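Visitor: Build me a model from this:
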Amino acid sequence: MNFFKKNWIYIAVIAIAFFVRFYRLSQVPSALYYDEIDLGYQIRSYQQTGKDYRGELSPFFARSLNTDKTPLPIWFSLPISNLFTTPELQVRAGTALAGVLVTALAMGISSLLFASLPTTFITGLVFATSPWLIHFSRLAFEAQFALLSLLSFLYFFLSWYKTKKDIYFYFATLSLGLSVYTYRTMSLLAPLLAITTILLFFKQILKLGYKKILVAFFLFAALYLPFMYATTIGAKDQTRISQIGIFSDPKIAIEVQRSRELVSGNFADSTLGQSATLQSKIFHNKLLSILDRFAKNTINNFSPDFLFFVGDGNGRHSAKNTGQLLLTDIFGLVAGFFFLGSLLKDKKNILLILVLLLGAVPANLTLDGANHASRLITFAGPLLLIISFGYGKLFELLTKVKFGMLIKTSFLLVWIFFFARFLNTYLFHFPVINAREFGFGYKQSVLKIEKLKDNFDKIYLTGVNDPPMLYYFFWSNTDPKQVQDYGTEYGDNIIKNMDLDKIKPFYPTDLLCKEKEIARLDPRTIYMVDYRNLPLDFRSADKDPVPQGIKLIDVIKYPDNEVAYYLITRDTKDGKVVAPIKGQTCK
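Guide: Below you'll find the model as predicted:
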C-alpha cells in the first residue's frame with residue numbers, strides 16, 4: 001500500500017500510456033496492414049509448427065514472402081498474443097505493451113539525466129501522450145521495438161555511469177547487441193552508438209579493466225556479427241537497404257552526368273558526362289551528391305511541417321494533417337535545446353545530443369528518410385527527452401515568477417486541448433480517412449469468400465493494392481503447414497495438386513467491364529476485384545447496372561461507404577454462361 005502512495009503519480013502516467021495504447025486497439029487503425037498480417041501469421045506459424053511460415057527456424061530472422069524480418073518483435077508478441085482471442089489484438093497487443101514499457105524507461109532515463117522529480121513526471125506524460133509514439137504503439141510494426149532497445153541501452157548505461165555497478169554495463173551491452181534483432185535501422189545505429197559511447201566515456205570505461213571490457217566486447221560481437229552475416233552475406237533474399245539506400249539511387253549518376261554536361265555547354269555530346277573537366281569532377285560527383293542528400297535529410301528532420309503540422313505523408317505512418325508532435329511541444333523543444341546547451345559540460349547531456357543526431361542517421365541514408373516517421377523512431381526518443389527537459393525547466397522558472405501558477409495552469413489547459421484534439425482526430429477521423437492505406441477490405445472479402453468457397457473451384461484475389469496471398473492465409477485461418485509445404489510461388493502455372501492450388505493472385509490486364517474480359521471469366525471461379533479493375537458503382541440499384549455476363553456476389557465498402565472491392569463471378573442461366581453484350585465496354 002505504501003508503494004502506491006509513494007508512486008501514485010508514476011502509476012497514473014503508466015495508466016495513461018496503457019489506456020491510449022489499448023483503447024479501441026482492434027478498431028484503430030481500421031485494419032491490419034500487410035506488415036502486421038505478416039507478423040501475425042508468423043506468430044501463428046511458430047505457435048502451430050515451431051517454424052516461420054516458410055518452414056525455417058533461425059534466431060536471426062523470420063522468412064517472409066518478400067524479405068527477411070527481424071525476429072524480436074515476433075518473439076516478444078508471441079506469448080502476449082495468447083492472452084487475446086480477437087485477431088487484431090493478438091497481433092497488436094505486443095507492440096502496445098512495448099509502447100508502455102518505452103514510457104516507463106523514459107522516466108527512468110529522465111531521472112538519471114536530469115535528477116528532477118517534476119521533470120521525470122513530465123517526461124512520462126510527454127512519452128505517454130506523444131502522437132508519434134501512440135501511433136507506432138498501436139501498429140504491429142518493428143519500429144517501436146527499436147526505440148525500446150535504444151532506451152534500454154541508455155537506461156542501463158546511465159545507471160552504470162551513476163552507480164558503477166558492472167551488471168548495468170553488461171545489460172547495456174546486451175540491449176545494444178539485441179537491438180539489431182528489432183529493426184533493420186539498428187544494424188547501422190548500434191555500432192555507431194557503441195563507438196560514440198566508448199569515445200565519449202573512454203576514461204570511465206577503461207577503469208572497468210581489460211577483462212570486463214573484453215567480456216562486454218565479445219557479448220556484443222556474439223550478438224551482432226552472426227546477425228549481420230545471416231541477414232547480408234548469408235541472406236537468401238535481397239536485403240531491404242539495397243533497395244532504399246541513397247547509395248543505390250540510380251538518379252544520382254544521371255544527375256551528376258547532367259550537371260557535368262551543363263558545365264561543358266555542349267549538350268549534344270553524350271560522352272561529356274563521362275570525360276568531365278577537372279572543374280566538373282570537383283563540384284559534380286557522386287560523393288558530393290550523396291552528402292548533399294544526407295545533409296538535406298538531416299535538416300528536414302526538424303521541419304516544422306513534419307514535427308508539428310503535417311507529419312509523415314505516408315498515411316500508415318501518421319494521421320493526415322497531424323504533426324508527429326503536439327503543437328505545444330514547440331515550447332519544450334526550444335527551451336530544451338536552449339537549457340541543454342548550457343549544460344554540455346556534463347557528458348550525459350552530450351550523450352543525449354549525440355544519440356539524437358545518430359538516431360536519425362540510418363533514416364537519412366535512405367531515399368525517403370527525411371520525414372519517414374517509422375525509420376526516425378530512434379530520433380523521436382531523444383527528441384522527446386529534450387522536449388521533456390525543456391518543459392521541466394520552463395515550469396521550474398515559472399514557480400519563481402509572479403502569476404507563474406496562472407501561466408502553468410493556462411498552458412496545461414491549452415496542452416489538454418491539443419492532446420484531446422489529436423485523440424479526436426486519431427480515434428474517430430483517422431480510421432475512416434486512412435482505411436485504404438491499411439488494407440481495409442481484405443478481411444471482409446476473405447471472410448465472405450470462406451463462406452462461399454465450396455461452391456467454386458478457384459479463388460482469384462486482386463493484387464492491385466497489396467500482395468493478396470498473405471491476407472488470405474491469415475483471415476482464412478489457413479494452416480501454416482500448408483504454406484510451408486506449398487512454397488512462395490502462386491502463379492496460374494503453378495500446380496502442385498495441393499489445396500492451395502485453388503487460391504491465386506489476380507492481375508487483370510484490362511478493365512473487367514469490357515466484353516473480351518467478361519468472356520474470360522469462369523463461372524466456377526470467385527473473383528475479388530478492386531474498383532480500378534471494375535470502375536462501376538454497384539452500391540445500390542439506382543447506380544450503375546451490372547454488366548451482362550457478370551454476377552455480382554457482394555460489395556465490400558470502406559468505412560466512408562466508398563467501394564473497396566467487388567466479389568464477382570461469371571453469370572450463368574440454366575447451367576449456361578451468359579454472354580456479354582457485343583461491343584460492351586466501360587462507360
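Visitor: distance of the nearest residue to Val432 once chain neighbours are set aside from Ser30?
Guide: Spatial nearest neighbour of Val432, excluding adjacent residues (C-beta to C-beta, 6 or more residues apart in numbering): Pro559 at 4.4 Å. In this view, the C-beta of every residue, glycine as well, is placed from N, C-alpha and C. Distance, Pro559 to Ser30, using C-beta to C-beta, to the nearest Å: 6 Å.
Visitor: cool, and Phe473?
Guide: Distance from Phe473 to Ser30, by C-beta to C-beta: 21 Å.
Visitor: likewise Thr182?
Guide: Distance from Thr182 to Ser30, by C-beta to C-beta: 26 Å.
Visitor: roughly how far out does the helix or strand where Ala17 lies sit from the chain middle?
Guide: Assigned by DSSP states H and E, Ala17 belongs to helix 2-22. Offset of helix 2-22 from its chain centre (C-alpha atoms, centre = their mean, to the nearest Å): 27 Å.
Visitor: Give me the buried stretch members for that helix, please.
Guide: Tyr10, Val13, Ile14, Ile16, Ala17, Phe18, Val20, Arg21, Phe22 (16 or more other C-beta atoms under 10 Å).
Visitor: List the neighbours of that helix that are in contact with it.
Guide: Helix 2-22 is contacted from outside by 93, 96-97, 99-100, 103-104, 107, 120-121, 124-125, 127-129, 134, 137-138, 423, using C-beta atoms under 8 Å, 6 or more residues apart in numbering.
Visitor: mind running it again at 7 Å?
Guide: Applying C-beta atoms under 7 Å, 6 or more residues apart in numbering, the contact partners of helix 2-22 are 96, 99-100, 103-104, 107, 121, 124-125, 128-129, 134, 137-138.
Visitor: Pick out the most distant pair among these.
Guide: Using C-beta to C-beta, these span at most 23.8 Å, a distance reached by Phe121 and Arg138.
Visitor: and the two? which has more neighbours close in?
Guide: A count of neighbours by other C-beta atoms under 10 Å puts Arg138 above the other of Phe121 and Arg138, at 22 against 19.
Visitor: distance of the more buried one from Leu72?
Guide: 19 Å.
Visitor: repeat for Gln482
Guide: 27 Å.
Visitor: okay, these two: which has more neighbours?
Guide: Just comparing Gln482 and Leu72: by other C-beta under 10 Å the higher neighbour count belongs to Leu72, 22 against 13.
Visitor: Looks like that one contacts Thr182 (just checking).
Guide: Yes - at 4.8 Å, Leu72 and Thr182 qualify as touching, with contact defined as C-beta atoms under 7 Å.
Visitor: right, and the helix or strand after the helix holding Ala17?
Guide: helix 34-49.
Visitor: Flag the shaky bits of the stretch 451-587 of the chain, pLDDT-wise.
Guide: 587 (pLDDT under 70).
Visitor: Which parts of it are helices?
Guide: 469-475, 480-486, 515-520 (DSSP state H, counting those that start in this stretch).
Visitor: what's the most buried one of these?
Guide: Neighbour counts (mean count of other C-beta atoms under 10 Å) averaged over each of these peak at helix 469-475, with a mean of 23.
Visitor: Need the residues that contact it.
Guide: 34, 37-38, 40-41, 65, 439, 442-443, 446-447, 461, 478, 483, 490, 503, 505.
Visitor: May I have it exported as CSV, CA atoms only?
Guide: Once non-C-alpha atoms are left out, helix 469-475 reads as follows in CSV (Å, rounded to 0.1, in the frame of the first residue of the first chain):
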residue,chain,number,x,y,z
MET,A,469,-2.0,-14.2,-50.6
LEU,A,470,-0.8,-13.5,-47.1
TYR,A,471,-4.1,-11.6,-46.3
TYR,A,472,-5.9,-14.7,-47.4
PHE,A,473,-3.8,-17.1,-45.3
PHE,A,474,-4.3,-15.0,-42.2
TRP,A,475,-8.0,-14.3,-42.4
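Visitor: returning to that earlier point: would you turn the buried residues of helix 2-22 into CSV with pLDDT?
Guide: As requested, the buried residues of helix 2-22 are arranged in CSV below (pLDDT from 0 to 100):
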residue, pLDDT
Tyr10, 89
Val13, 96
Ile14, 97
Ile16, 97
Ala17, 98
Phe18, 98
Val20, 98
Arg21, 98
Phe22, 98
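Visitor: so which of those residues would you say is closest to Lys162?
Guide: Tyr10 (18.9 Å).
Visitor: Report the buried residues of stretch 70-78.
Guide: Buried, per 16+ other C-beta under 10 Å, within stretch 70-78: Thr70, Pro71, Leu72, Pro73, Ile74, Trp75, Phe76, Ser77, Leu78.
Visitor: what's the average pLDDT for it?
Guide: In this model, stretch 70-78 has a mean pLDDT of 98.
Visitor: what does that stretch contact?
Guide: With C-beta under 7 Å, 6+ apart, stretch 70-78 has contacts from 39, 42-43, 46-47, 59-62, 94-95, 98, 140, 142, 145, 178, 181-184.
Visitor: Helices - which of the residues you listed land there?
Guide: Leu39, Gln42, Ile43, Tyr46, Gln47, Gly94, Thr95, Ala98, Phe145, Leu178 (DSSP state H).
Visitor: Phe339 touches Leu394, doesn't it?
Guide: No - using C-beta under 7 Å, Phe339 makes no contact with Leu394, being 8.7 Å away.
Visitor: Where does the prediction get shaky in the stretch 1-150 of the chain?
Guide: 1-6.
Visitor: Now do the contacts for Asp564.
Guide: One thing to correct before we go on: residue 564 is Ala, not Asp. Counted by C-beta under 7 Å, 6+ apart, Ala564 has contacts Phe440, Gly441, Ile556, Lys557, Tyr558.
Visitor: I should have written Leu536 there, sorry.
Guide: By C-beta under 7 Å, 6+ apart, the neighbours of Leu536 are Cys513, Asp544.
Visitor: what does Lys448 give?
Guide: Asp554, Leu567.
Visitor: Secondary structure class of it, three-state.
Guide: Here Lys448 takes the helix state, with states given by DSSP: H, G, I helix; E, B strand; the rest coil.
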